[in-house]
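1. my questions are about this predicted structure, shown below with the sequence.
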Amino acid sequence: NEAGTDYFVFARPFAVGRVKADWQSVTNPAAYEAFTCLAPGSTAENPAVMRDATGKVVWQWRTDAKPASQKQERDLIKRGLLKPDEARYQLTDADSGKPVEMHHASIHWNEFLKSWITIGVQTGGRSFLGEVWFAAADSPFGPWRQAKRIVTHEKYSFYNPGQLPFFDEAGGRYVYFEGTYSSTFSGNDHPTPLYDYNQMMYRLDLADPRLKFGAEK
């Protein structure tokens, strides 16, 4: 809800798309908005970042733009048009500092941490579409800074993870998420009998000390 208006917000893998939560808007492709920091008229060849009079980056919802992405932000940083601390989606491994490229994620408010959390699968990594990461932010729109690996699948995929907040326990301390467990994209010639291409559910304890990020969430 923003200024009294309800929206459906879509995570792809970050919350960069939305539409008003009414039938007229949902059924009108022109009503869908993208979250971007690019100025009107910006192009892929000649991008321009929108800033206010003080030089601060302006992020806004627009119907005439494409949603921002990790790849787009990296390009803007490389061009010197965006500083790393101005980016919203440049997730890094909290332990190694290496970048984490997200493929699909699920974002929900968590009462236990009093913050928004995302659980998503990485593109590439130790296993193709099999590495699941956790991160927290003060807003569903980021910025998302550090992430912790919470599940790994050896030569197996676990794609399109989704949180199941109606299963939350102990005030949100325990959260559940599920994803598609499949050998299809993994290169594994030995699928798990009776489980391959099924939904697998995990439970995550948000009080686990291994999830601590130090000074940051």
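-> That came in fine, so what should we check first?

2. hey, let's count contacts and neighbours off CA atoms from now on
-> OK.

3. can you give me phi and psi for residue 30?
-> The phi/psi pair for residue 30 (degrees, to the nearest 10) reads phi -70, psi -10.

4. check contacts around the closest residue to it other than its chain neighbours.
-> Ranked by Cα to Cα, 6 or more residues apart in numbering and with sequence neighbours excluded, the top spatial neighbour of residue 30 is residue 63, at 6.7 Å. Residues in contact with residue 63 (Cα atoms under 8 Å, 6 or more residues apart in numbering) are 30, 31, 32, 33, 34.

5. quick one: the strands in the protein, in order.
-> For the chain, the strands defined by DSSP state E occupy 7-11, 15-20, 33-36, 60-62, 92-93, 102-110, 115-122, 132-137, 146-151, 157-163, 174-182, 198-205.

6. buried residues, the third one. List them.
-> Using 16 or more other Cα atoms under 10 Å as the burial criterion, the residues of strand 33-36 that qualify are 33, 34, 35, 36.

7. tell me where the longest helix sits in the protein.
-> Secondary structure of the chain per DSSP state H: the longest helix is helix 70-78.

8. now that one: mean pLDDT?
-> For helix 70-78, mean pLDDT rounds to 95.

9. next one: it to chain centre, how far?
-> 16 Å (Cα atoms, centre = their mean, to the nearest Å).

10. could you dump that helix to PDB, C-alpha only?
-> Extracted as PDB, the C-alpha positions of helix 70-78 are listed here (Å, rounded to 0.1, in the frame of the first residue of the first chain):
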ATOM      1  CA  GLN A  70      21.400  -6.300 -11.500                       C
ATOM      2  CA  LYS A  71      23.000  -6.400 -14.900                       C
ATOM      3  CA  GLN A  72      21.800  -2.900 -15.700                       C
ATOM      4  CA  GLU A  73      23.100  -1.600 -12.400                       C
ATOM      5  CA  ARG A  74      26.500  -3.200 -13.000                       C
ATOM      6  CA  ASP A  75      26.700  -1.500 -16.400                       C
ATOM      7  CA  LEU A  76      25.900   1.900 -14.900                       C
ATOM      8  CA  ILE A  77      28.500   1.400 -12.200                       C
ATOM      9  CA  LYS A  78      31.100   0.400 -14.800                       C
END
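
11. which residues touch it?
-> 47, 82, 83, 84, 87, 89, 90, 101.

12. for the first one, what are phi and psi?
-> Right, the one you point to is residue 47. phi -70, psi 150.

13. surely it is in contact with residue 37?
-> No. Between residue 47 and residue 37 there is no contact under Cα atoms under 8 Å: 10.2 Å.

14. which one's more surrounded, the two?
-> residue 37 (22 against 17; other Cα atoms under 10 Å).

15. now do the more buried one, the pLDDT please.
-> Predicted confidence (pLDDT) for residue 37: 95.

16. surely it and residue 52 touch.
-> No. Shown here, residue 37 and residue 52 do not form a contact pair, counting by Cα under 8 Å, at 11.1 Å.

17. low-confidence ranges in this structure?
-> Scanning the chain with the threshold set as pLDDT under 70 gives 214-217.

18. quick one: the residue of it most remote from its centre and residue 157, what's the gap?
-> Seen from the C-alpha centroid of the chain, the residue lying at the greatest distance (Cα atoms, centre = their mean) is residue 193, 31.2 Å away. Using Cα to Cα, to the nearest Å, residue 193 is found at 15 Å from residue 157.
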